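Enquirer: I'll drop the sequence and a predicted model, then ask my questions.
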Amino acid sequence: YQGTHVALAENRNTPPAALYLLAKKPHSRQHNIPLTIARNPNAPSDLLETLAQSRDSAVLRAVARHPNTQPRTLERLASEMDPGTRRAVRHHPNATPYVETRLRASALLHCVRLQYPLCRVLGISGGGAPELPPFAESPEWLERFAVVVNPDAPPALIARLAEDGNRLVRAAAAARLADASFRFRV
C-alpha cells in the first residue's frame, strides 16, 4: 500500500491529479510522499506552491530546486530559516531580482536574531533591518552605532542617537544628520 503510493509519487508519468490526491493522503508525511512528489519532474507549480508550506526542510529544498517552481513560491521560500533552502532559491533560474532582495533581507534578519555580537551588528547595520528602535536602546554601543549607519534608519531615531552617551555613536549620528546623503562604508 505505502510502496505503491511512493512508486506513484516517483513516477514521472503519474498524472497531476493523482499527485494532488497522494499529497492530501492523511499519512503521506510519514512515508515521505511530499518529498517524493517535490522531486517528481512533472509536479505542477501550484502543487509545489502547496508543498512549500511544509515544515520539513527537505521538502522545502526540493521545492526550491524544482524547475516548475514559480517566482511567487520562491519569494516565500526566500524567507525560510534553512540555509539550504535559501541557497537553492538563490540559484533557481526563475528567481527574480525581488527574490534576491528578499534573500538579502532574510539573511540580515537571521543575523539580527543570532547571539553573536558581530553578526548582530552586521545585520542591524545592513539596511532594511526590522524594528530598529529596540536596538537604539541597546546597552551595547556597537548595536546603537549599527542603527546609525543603517541606511533605512529614520531621521528621528538618528537625532535621538545624536545625544547618545557614547562619543562614537554621537559623532556618527551627527554626521548623518549634517548630510542626509552621507553613507558609511565598511
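Expert: That came through, no problem.
Enquirer: The chain: helices as residue ranges?
Expert: With DSSP state H, the ranges of helices along the chain come out as 2-10, 16-24, 33-39, 45-51, 57-65, 71-77, 83-90, 97-113, 117-125, 132-136, 141-149, 155-161, 167-178.
Enquirer: can you list the ones you listed in a markdown table and add mean neighbour count?
Expert: For every residue, glycine as well, the C-beta is placed using N, CA and C. What follows is the helices of the chain, written out as a markdown table (neighbours: other Cβ atoms under 10 Å):
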| stretch | mean neighbour count |
| --- | --- |
| helix 2-10 | 15 |
| helix 16-24 | 15 |
| helix 33-39 | 23 |
| helix 45-51 | 18 |
| helix 57-65 | 23 |
| helix 71-77 | 19 |
| helix 83-90 | 19 |
| helix 97-113 | 16 |
| helix 117-125 | 19 |
| helix 132-136 | 17 |
| helix 141-149 | 23 |
| helix 155-161 | 16 |
| helix 167-178 | 17 |
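Enquirer: Using CSV, please lay out those helices together with mean pLDDT.
Expert: Output for the helices of the chain, formatted as CSV (pLDDT from 0 to 100):
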stretch, mean pLDDT
helix 2-10, 85
helix 16-24, 90
helix 33-39, 93
helix 45-51, 95
helix 57-65, 96
helix 71-77, 94
helix 83-90, 91
helix 97-113, 77
helix 117-125, 77
helix 132-136, 85
helix 141-149, 90
helix 155-161, 94
helix 167-178, 93
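Enquirer: Look up how far residue 14 lies from residue 7.
Expert: As judged by Cβ to Cβ, to the nearest Å, residue 7 and residue 14 stand 9 Å apart.
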